[in-house]
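Chemist: need a structure here:
(one chain, ligands or ions: 1)
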Amino acid sequence: MKGVFVVGAGPAGLFAARLIARAGYETFLFNRDIKPGGLAEYGIYPLKEKMKAGLRKQFAQVLDMPNVHYFGNIRVGSAYDVTIEELESMHCAAIIFACGAQGTRKLGLSGENAKGVYAAKDFVYHYNQLPPYASMDFSTGRRIAVIGMGNVAIDIARWLLEDTPEKRAHNVLVIARRGPLEIKFDEKEIEFVERHLSRREMVRELERVKERCARCGQDVSPAKVFEHHFLQLKDEGFASIPPRLSFRFLSSPAAILPDANGRIARLAVAENELVRKEDGSTAAIPTSERREIEVDTLIFAIGDKHDAGVGLPMGPEGYATAPNPDHPGEPSFEVWDPDARFVMPGRYVAGWARHASTGLVGVARHDGEVCAGKVIEFVSRAPECATLGEQEILARLKTKGLCPVTRADLELLAQAEAREAQARQLNSFKFADNDAMFNAIAEERARMQGQSLKPAA
Ligand SMILES: Cc1cc2nc3c(=O)[nH]c(=O)nc-3n(C[C@H](O)[C@H](O)[C@H](O)COP(=O)(O)OP(=O)(O)OC[C@H]3O[C@@H](n4cnc5c(N)ncnc54)[C@H](O)[C@@H]3O)c2cc1C
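Modeler: Model prediction:
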């Protein structure tokens, strides 16, 4: 039997698995989290319930395919549960790494380890209830700065301004190194929080940066910026509601200044000059002019990086992929060993594991599917390899003291969560730690066995 292993059961891994299984190969998913879905389950905004439910349904259909096998709660990596070499010893024909971008980007600032300083992905994992982040301290205060102006930054602002049960925020300040014409968030995302903006304050901020932007050929007049990014502010009578959302452009974090308890108290920011590069893009260059801002929470939403702990060779932009000189614009999915300068046969990356923090679910899905096409072609030409079967792999994982979660376990967990939601009169319920999930699975199994043992009336 030729079996294909997929590391990671987010959108890229699951949609890749679907095509590989459809091509007739046994497909084995190894996933760090107990549940499948990756950022579609634990990143996408909790209130986008319809989108999440639709994706969950599609993911369940993939896992229901008879030749797809799921091992949740298994983290692959040289420092984790199962190494790449151990996977290889199970005789797989190919491995797709679709494990996303689990590392966090740091700027190397002094004070970066202060309390109250978080990476965006960890913070969204927390409010989306992914263990262990769900039960870790991600306390927020009244004055919160979010670095970055993409959709993730606006999702976080939305959570803090609108939906967090704590409701502590007085002000959320979005800090961006470039100007207002280089905003990256979508219109539909800012709409959720626009009513927290002050029109007067935004006009003042645009005035503050207008000369620096003009030197780079950018017109940041309120009329232009509002037309493109803040439609509601076009109305001069626009009334804002607390808590306040504000923006600070052309500013880069320079230092984090903690208080006596080690929690962030102030953030030093450098004023940036905007410079036009030869290719027409801009670069933000920090100047020596600085200002200190009072904040008690700081969240970096500046993208993620690949986790070197997985054990794949690393290049300058994350996991190294084969150079593609004949088709420079086309993505390359093959893992590349930069020292030996050769393609690692049968090793592929897809989704955010190929290109960190890039694109929505549809993009990750497409990436997984294109990658699957290449894998199918490779495996069809590869010799027979006698990949271990599901039970043999389960036995190997258990021998290592691991507790893999199977498709049948996921079914029991879903039943337990539905029961819990009903008891608490909620639309949905998620267990916040792995032990609670394992207990729920065991109880649900016992309940089912009890029912099947009951004598017929
Ligand atoms: C805050 C936020 C909000 C978003 N909102 C939207 C939205 O509204 N709409 C939209 O379309 N897209 C949204 N996205 C983007 C979308 O979530 C991604 O495009 C998509 O999830 C990327 O898929 P992926 O499979 O490549 O990676 P991921 O979704 O990150 O999945 C990676 C999988 O790999 C597993 N894994 C990680 N490390 C290992 C390991 N070492 N061993 C085994 N398994 C491992 C993880 O458990 C996970 O299941 C959002 C992203 C973020 C961060």
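Chemist: return the host helix or strand of Ala157 as CSV; C-alpha atoms alone will do.
Modeler: Taking DSSP states H and E as the criterion, Ala157 maps to helix 151-158. Only the C-alpha atoms of helix 151-158 are listed here, as CSV (Å, rounded to 0.1, in the frame of the first residue of the first chain):
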residue,chain,number,x,y,z
ASN,A,151,-7.5,42.1,9.1
VAL,A,152,-6.0,40.3,12.1
ALA,A,153,-5.3,43.7,13.9
ILE,A,154,-8.9,44.7,13.2
ASP,A,155,-10.3,41.4,14.4
ILE,A,156,-8.5,41.9,17.7
ALA,A,157,-9.7,45.5,18.0
ARG,A,158,-13.2,44.2,17.4
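Chemist: does anything pack onto that helix? Which helices or strands?
Modeler: helix 120-127, strand 143-147, strand 171-175, helix 187-190 (3 or more C-beta pairs under 8 Å, 6 or more residues apart in numbering; DSSP states H and E). (Each C-beta comes from the backbone N, C-alpha and C, glycine too.)
Chemist: mind redoing it with 10 Å?
Modeler: helix 120-127, strand 143-147, strand 171-175, helix 187-190, strand 244-248, strand 297-300 (3 or more C-beta pairs under 10 Å, 6 or more residues apart in numbering; DSSP states H and E).
Chemist: what's the angle from that helix to strand 143-147?
Modeler: Here helix 151-158 runs at an angle of 170 degrees relative to strand 143-147 (axes from the mean of the first three to the mean of the last three C-alpha atoms, to 10 degrees).
Chemist: let me know whether helix 151-158 sits next to the ligand.
Modeler: Yes: Helix 151-158 lies within reach of the ligand by C-beta under 6 Å from any ligand atom, at Val152, Asp155.
Chemist: I'd like the numbering to begin with 14 instead of 1 from here.
Modeler: With 14 as the first residue, the last one maps to helix 164-171.
Chemist: just want the angle from that helix to strand 257-261.
Modeler: 150 degrees.
Chemist: any idea how far helix 164-171 is from the chain center?
Modeler: Taking C-alpha atoms, centre = their mean, to the nearest Å, the mean C-alpha location of helix 164-171 is offset from the chain mean by 13 Å.
Chemist: swap in stretch 354-368?
Modeler: The answer for stretch 354-368 is 19 Å, by C-alpha atoms, centre = their mean.
Chemist: would you mind measuring the gap between the ends of that stretch?
Modeler: Stretch 354-368 has an end-to-end distance of 20 Å (C-alpha to C-alpha, to the nearest Å).
Chemist: which positions in the helix or strand encompassing Leu219 come out as buried?
Modeler: Element membership for Leu219 (DSSP H and E) is helix 212-227. Within helix 212-227, the residues that count as buried by 16 or more other C-beta atoms under 10 Å are Arg212, Met215, Glu218, Leu219, Val222, Lys223, Arg225, Cys226.
Chemist: who touches the helix or strand that comes right after it?
Modeler: Sequence-wise, the next helix or strand downstream of helix 212-227 (DSSP H and E) is helix 235-242. The set of residues external to helix 235-242 that reach it, using C-beta atoms under 10 Å, 6 or more residues apart in numbering, is 162, 192-194, 196, 198-200, 203, 207, 212, 215-216, 218-220, 223, 226, 231-232, 234, 243, 245-249, 251, 260, 262.
Chemist: send the alpha carbons of helix 235-242 over as CSV?
Modeler: Provided in CSV are the C-alpha atoms of helix 235-242 (Å, rounded to 0.1, in the frame of the first residue of the first chain):
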residue,chain,number,x,y,z
PRO,A,235,-9.6,63.0,4.8
ALA,A,236,-11.8,62.9,1.6
LYS,A,237,-9.5,60.4,-0.1
VAL,A,238,-8.7,58.3,3.0
PHE,A,239,-12.4,58.1,4.1
GLU,A,240,-13.5,57.2,0.6
HIS,A,241,-11.1,54.3,0.5
HIS,A,242,-11.1,53.0,4.1
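Chemist: buried ones in it?
Modeler: For helix 235-242, the neighbour count (16+ other C-beta under 10 Å) marks Pro235, Val238, Phe239, His242 as buried.
Chemist: what pLDDT is listed against Asn164?
Modeler: Note on Asn164: pLDDT of 97.
Chemist: give the burial count for it, as a bare number.
Modeler: By the other C-beta atoms under 10 Å criterion, the neighbourhood of Asn164 contains 17 residues.
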